[in-house]
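A.B. asks: The sequence isn't on hand, but the structure is:
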């Protein structure tokens, strides 16, 4: 009976670790997408500022 409890405990730890790692990877993926979105947004703003300057000078 003790062996069954230890095996169940070990499997629970391993399963918990895998679930945790999956969540961490999922969050890292979402963070990467947010960073890419922010980068695109800042690039878009920079292009708009450049175009406004060129129109003002032209």
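C.D. replies: Yep, it's here. No experiment lies behind these values; they were computed from the predicted model shown.

A.B. asks: Tell me how many other residues surround residue 47.
C.D. replies: A total of 10 residues lie near residue 47 under the criterion other C-beta atoms under 10 Å. (Each C-beta comes from the backbone N, C-alpha and C, glycine too.)

A.B. asks: which regions of this protein sit below the pLDDT cut-off?
C.D. replies: 58 (pLDDT under 70).

A.B. asks: can you give me the helices in it?
C.D. replies: 2-57 (DSSP state H).

A.B. asks: and residue 18, how many neighbours?
C.D. replies: 10.

A.B. asks: Now do it against residue 29, distance only.
C.D. replies: Going from residue 18 to residue 29 by C-beta to C-beta, to the nearest Å gives 16 Å.

A.B. asks: ok, residues contacting stretch 2-11?
C.D. replies: Applying C-beta atoms under 8 Å, 6 or more residues apart in numbering, stretch 2-11 has no contact partners.

A.B. asks: just how off-centre is stretch 18-30 within its chain?
C.D. replies: 8 Å (C-alpha atoms, centre = their mean, to the nearest Å).

A.B. asks: for stretch 47-56, same thing?
C.D. replies: 33 Å.

A.B. asks: Stretch 16-25 now?
C.D. replies: Worked out by C-alpha atoms, centre = their mean, stretch 16-25 lies 13 Å from the chain centre.

A.B. asks: do stretch 18-36 as well
C.D. replies: On the basis of C-alpha atoms, centre = their mean, stretch 18-36 sits 4 Å off its chain's mean C-alpha point.

A.B. asks: for stretch 51-58, same thing?
C.D. replies: For stretch 51-58, the distance to the chain centre is 37 Å (C-alpha atoms, centre = their mean).
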